[in-house]
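Asker: Return atomic coordinates for the entry below.
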Amino acid sequence: MDNVKSLSACVLASGSKGNSTLVEGNKTKILIDIGKSCSYIVQLLNQLNIEPNEIDGILITHTHNDHTNGLKVFVKKYHPKVYLTIKMYEDLKDMISIDDCCFIDEPFRINELEIDYIKTSHDVSDSNGYIVKNNDKSLVYITDTGYINEKNTEKLKNHDIYIMESNHDIKMLMSGKYPYHLKQRIQGDRGHLSNEDSAKYLSTYIGNKTKYIVLAHLSQDNNTKELAYKTLYDNLEKKHQKIQKIIVAEQDEKTDLIEVWLK
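Answerer: Numbers count the residues shown, from 1 in each chain. Prediction:
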């Protein structure tokens, strides 16, 4: 039997100016967030030989503009279903019709993709991280959270792909130009994960299935790609953990397509 692509992902944009990630199964294509303009997302999808009307659904992590900026126009033009909670819809109902929405209150499917979620902790009415599975392959997507509740640890262990926030370097943040109240917000329980937080969680979650880690949502002002990478790499080295590849996502450049295969 030939190898069959079971799950793939491409981070189209990642950072405070807009976030969106493509996830594909064998037959299904979804976006997680759409925080860049519709035209930008269409351009990058076309670079991957994907037509925008092939997108079957959009998962919303939360309703900040850098995760929803392109939603209204994309849904109006291409009509994917939007998967979100009722609280999120209340924040976005001026942008999308209730007929465009599927409300999340339990694990669900989009064709062959099985999708579960965890509650994250951010300064919005509601926010989710997602776990996407196809056959025995799986992906975890978590950004924009001040912490991850311990009750989710087992659910988050030993997946093939992790796309995880690594927002700031604590020293850069605290010595930087941001006002004190903003520094406190970023560091707080409803803020963002630091490089150290991200590395700590990832070293707890990864297992023998894990092949790729993508570090996402890096701060332009309070982090660098090198610091985020080194913090994770050093943490994994200390614990003698090895994975195939660490990728650091960027604001204005998509990642390579990451693929895991069912043999």
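
Asker: Report the distance from the top strand by length along the chain to the chain centre.
Answerer: In the chain, with assignment by DSSP state E, the single longest strand is strand 4-13. Remark: strand 4-13 is offset 12 Å from the chain centroid, using C-alpha atoms, centre = their mean, to the nearest Å.

Asker: what's the pLDDT at residue 262?
Answerer: As predicted, residue 262 sits at a pLDDT of 75.

Asker: so it sits right up against residue 8, yeah?
Answerer: No - applying C-beta atoms under 8 Å as the test, residue 262 and residue 8 come out as separate, 11.7 Å apart. Any C-beta I mention is one placed from the backbone N, CA and C, and that applies to glycine too.

Asker: and the two? which has more neighbours close in?
Answerer: Using other C-beta atoms under 10 Å, the more surrounded residue of residue 262 and residue 8 is residue 8, with 21 against 14.

Asker: What distance do you get for residue 15 to residue 227?
Answerer: 15 Å (C-beta to C-beta, to the nearest Å).

Asker: What is the longest helix of this structure by residue count?
Answerer: helix 225-238 (DSSP state H).

Asker: Can you give me the buried ones in that one?
Answerer: 227, 228, 229, 231, 232, 235, 236 (16 or more other C-beta atoms under 10 Å).

Asker: Dump the C-alpha coordinates for that helix into PDB.
Answerer: The C-alpha trace of helix 225-238 is given here as PDB (Å, rounded to 0.1, in the frame of the first residue of the first chain):
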ATOM      1  CA  LYS A 225      13.100  33.800  16.200                       C
ATOM      2  CA  GLU A 226      16.500  32.800  17.500                       C
ATOM      3  CA  LEU A 227      15.500  33.200  21.200                       C
ATOM      4  CA  ALA A 228      12.300  31.300  20.800                       C
ATOM      5  CA  TYR A 229      14.000  28.500  19.000                       C
ATOM      6  CA  LYS A 230      16.900  28.300  21.400                       C
ATOM      7  CA  THR A 231      14.700  28.300  24.500                       C
ATOM      8  CA  LEU A 232      12.800  25.300  23.200                       C
ATOM      9  CA  TYR A 233      15.800  23.500  21.800                       C
ATOM     10  CA  ASP A 234      17.700  23.800  25.100                       C
ATOM     11  CA  ASN A 235      14.700  22.600  27.100                       C
ATOM     12  CA  LEU A 236      14.300  19.500  24.900                       C
ATOM     13  CA  GLU A 237      18.100  18.800  25.100                       C
ATOM     14  CA  LYS A 238      18.000  18.900  28.900                       C
END
